[in-house]
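J.: mind folding the following:
(2 chains)
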There are 2 protein chains.
Amino acid sequence: MTIDFPTWMADTQAQAETAVERYLPTTSTGQERLHEAMTYVSVGGGKRFRPLLVAAAARLGAADAEALSQAMAAIEYVHVYSLVHDDMPEMDNDSLRRGKPTCHVAYDQATALLVGDALQTLAFDVLSRPVNLPAAQQLQRVQVLARASGSEGMAGGQGIDLANVGQDLSLTQLQHMHGLKTGALIRAAVALGGLSCSDVSDALLRDLDVYADKLGLAFQVIDDVLDCEQDTATLGKTAGKDEEANKPTYVKLLGLDGARAQAIRLADEAKAAVAAYGDAAAALLGLADYVIKRNH
Amino acid sequence: MTIDFPTWMADTQAQAETAVERYLPTTSTGQERLHEAMTYVSVGGGKRFRPLLVAAAARLGAADAEALSQAMAAIEYVHVYSLVHDDMPEMDNDSLRRGKPTCHVAYDQATALLVGDALQTLAFDVLSRPVNLPAAQQLQRVQVLARASGSEGMAGGQGIDLANVGQDLSLTQLQHMHGLKTGALIRAAVALGGLSCSDVSDALLRDLDVYADKLGLAFQVIDDVLDCEQDTATLGKTAGKDEEANKPTYVKLLGLDGARAQAIRLADEAKAAVAAYGDAAAALLGLADYVIKRNH
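T.: I've put the predicted structure just below:
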């Protein structure tokens, strides 16, 4: 079960790409433009970090291939929907995402609104399709994704962010906001991996959740570090937006070196939570290192 | 099982109100404004037509009270989310809804965007919570709602509408668009009623779907008639918007009298589809009459 991490990552990214393409609507009866825009924002871009987490977590159990594919696609649809809506003029007003024009720029605002809406729906559609898992476990996957992405998860984090533009947050408040805005979906991805296995146990889900919680925090700290360091060309999105809008960041609070050190500590704690699973956890460990080392 | 329809309707609207309030988030950790706005748009407004359909359909079987409450709330959250997003400047740019300022006017565009997103998520959250129905049947409810509201349902209808502003549609194209934009969710409401019963059968779901299909068309025809006839004060939303934007309507194609006659024919066909259920179908028959007679 030992893996060469770069090979595993490349293979799994390709698997994520296939999964994301697979459930997108292919036939239209007048909504060609909507479907084209859904494909535009979903296909061929991004690190597929959340699907990678799903797949890495699923290595700790006996994963059903189809269930895994559903979960990888569903979590990415929710992530992409949130990017499409966050980039809109009323939110972050970004014109560049994953190195290409954002949806409302390439299409129009009304289409971007609909694309986000329809991608969210597609996530729940895909997770409720027939698959070789107990129905109760499938339902649990729907519940996990819904709780993580709603007003007490990702959307709630966005709400807190909106309410605090131009204001100073404490580190605790900042961690809470990011825990919802970014962390909740990362935890859902890891849980969905476990819940795509026929032999999932409560103990496994608990260990995975500790891993995901720490990793989510590390991820957001590094995001802040990157946003501060990188220029627009390397990042593939407009850099420095957070600072412009006077949004709180970890770098502001801890400094660049302090933020990096904090991220490394968190990643180590994440790895410790699944170390007992040995070789099966290799992909999860590799992803924790990847989070620390990534430069975009 | 015979009912006094006006009493049933008032009681069931109160029941819908309770259901809608019940699952809204009550505790906030910084996202107070988002939660307040979700309540603002959801509570105390509207005819609750879709929850009424859920409850009316559930009278044809042995409904579980909690499952019924979930379904009534979930379908209304999806409906309300679609109204909030449709009213936004990039879509219909409406400032009045259910007699009060629309969400982006009362709050702001970013909040309206998030409110719609979070209400959609809440619908799937609620439908995936534990309840006394077989898990496979619960999963079917999630699937029904997702299919009806996504890019091959409600959002798809919106996409077709957007793509045809300023263009002439044939009656067939118009029916198709409304079948997705409005009809799909009406069909989902009726199906969710059936699927909230422990004794649901395929035959029941088929009969309910014929009813819902016809009723959905009647509903949209009457919507066009009302939009043409009524003034802003009576309607509680900005009247004449469709004509302004040169959107196709049934009235344009059939004339006022022709459209009314068409709606009555469709409602009669809806009633015929469930007539065999006798007294148990009284609420469904009453709702078909209500659709024809409503004046807002």
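J.: okay, now the unreliable bits of the stretch 151-296 of chain A?
T.: A:231-248, A:296 (pLDDT under 70).
J.: interface residues of it facing chain B?
T.: A:151-152, A:155-160, A:162-164, A:173, A:176-177, A:180 (Cβ under 8 Å from any Cβ of the partner chain). From N, CA and C alone the C-beta is placed, and that goes for glycine too.
J.: let's see it at 6 Å
T.: Within reach of chain B by Cβ under 6 Å from any Cβ of the partner chain, the stretch 151-296 of chain A has these residues: A:151-152, A:155-156, A:158-160, A:162-163.
J.: in helices, which of those appear?
T.: Taking DSSP state H as the definition of helices, those contribute A:155-156, A:158-160, A:162-163.
J.: out of the residues of the stretch 151-296 of chain A next to chain B, which is nearest to residue A:134?
T.: Proximity of those to residue A:134 (Cβ to Cβ) peaks at residue A:152, which lies at 26.1 Å.
J.: who's in contact with that closest one?
T.: Taking Cβ atoms under 6 Å, 6 or more residues apart in numbering or on different chains, we find residue A:152 in contact with residue B:25.
J.: pretty sure residue A:109 sits against residue B:90.
T.: Yes: under the criterion of Cβ atoms under 6 Å, residue A:109 makes contact with residue B:90 at 3.6 Å.
J.: residues near the closest residue in space to residue A:125 that isn't next to it in sequence, how many?
T.: In this structure, residue A:125 finds its nearest non-sequential neighbour in residue B:146, 3.7 Å apart by Cβ to Cβ, 6 or more residues apart in numbering or on different chains. Taking other Cβ atoms under 10 Å in any protein chain shown as the criterion, the count of residues near residue B:146 is 27.
J.: so which strand or helix has residue B:146?
T.: For residue B:146, the element it lies in under DSSP states H and E is helix B:135-149.
J.: now do the buried residues in that helix.
T.: B:135, B:137-149 (16 or more other Cβ atoms under 10 Å in any protein chain shown).
J.: likewise for stretch A:264-280?
T.: Taking 16+ other Cβ under 10 Å as the criterion, stretch A:264-280 shows A:264, A:266-267, A:269-271, A:273-274, A:277, A:280 as buried.
J.: with respect to residue A:168, which of the residues you listed is nearest?
T.: In terms of Cβ to Cβ, no member of the buried residues of stretch A:264-280 lies closer to residue A:168 than residue A:266, at 22.7 Å.
J.: distance of the closest one relative to chain B?
T.: Per Cβ to the nearest Cβ, to the nearest Å, residue A:266 is found 21 Å from chain B.
J.: any idea how far stretch A:170-180 is from the middle of the chain?
T.: Taking Cα atoms, centre = their mean, to the nearest Å, one finds the center of stretch A:170-180 at 17 Å from the center of the full chain.
J.: next one: stretch A:96-112
T.: With Cα atoms, centre = their mean, you get 19 Å for stretch A:96-112.
J.: endpoints of that stretch, how far apart?
T.: Its start and end residues considered, stretch A:96-112 measures 14 Å (Cα to Cα, to the nearest Å).
J.: alpha carbons of the helix holding residue B:146, in CSV - could you do that?
T.: Provided in CSV are the C-alpha atoms of helix B:135-149 (Å, rounded to 0.1, in the frame of the first residue of the first chain):
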residue,chain,number,x,y,z
ALA,B,135,-33.2,5.6,4.4
ALA,B,136,-33.6,4.7,0.7
GLN,B,137,-36.9,6.7,0.6
GLN,B,138,-35.2,9.7,2.2
LEU,B,139,-32.5,9.5,-0.3
GLN,B,140,-35.2,9.4,-3.0
ARG,B,141,-36.6,12.7,-1.6
VAL,B,142,-33.1,14.3,-1.9
GLN,B,143,-32.8,13.1,-5.5
VAL,B,144,-36.3,14.3,-6.4
LEU,B,145,-35.6,17.8,-5.0
ALA,B,146,-32.1,18.0,-6.6
ARG,B,147,-33.2,16.9,-10.0
ALA,B,148,-36.2,19.3,-9.9
SER,B,149,-34.1,22.4,-8.9
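J.: now it: mean pLDDT?
T.: When pLDDT is averaged along helix B:135-149, the result is 98.
J.: got a list of contacts for that helix?
T.: Residues outside helix B:135-149 that contact it (Cβ under 6 Å, 6+ apart) are A:121, A:124-125, A:128, A:135-136, A:138-139, A:142, B:78, B:127, B:153, B:184-185, B:188, B:191-192, B:195.
J.: then stretch A:47-67?
T.: Looking at stretch A:47-67 with Cβ under 6 Å, 6+ apart, the contacting residues turn out to be A:12-13, A:16, A:68, A:71-72, A:75-76, A:79, A:131-133, A:189-190, A:192-194, A:196-200, A:204, A:208, A:277, A:280, A:283-284, A:287.
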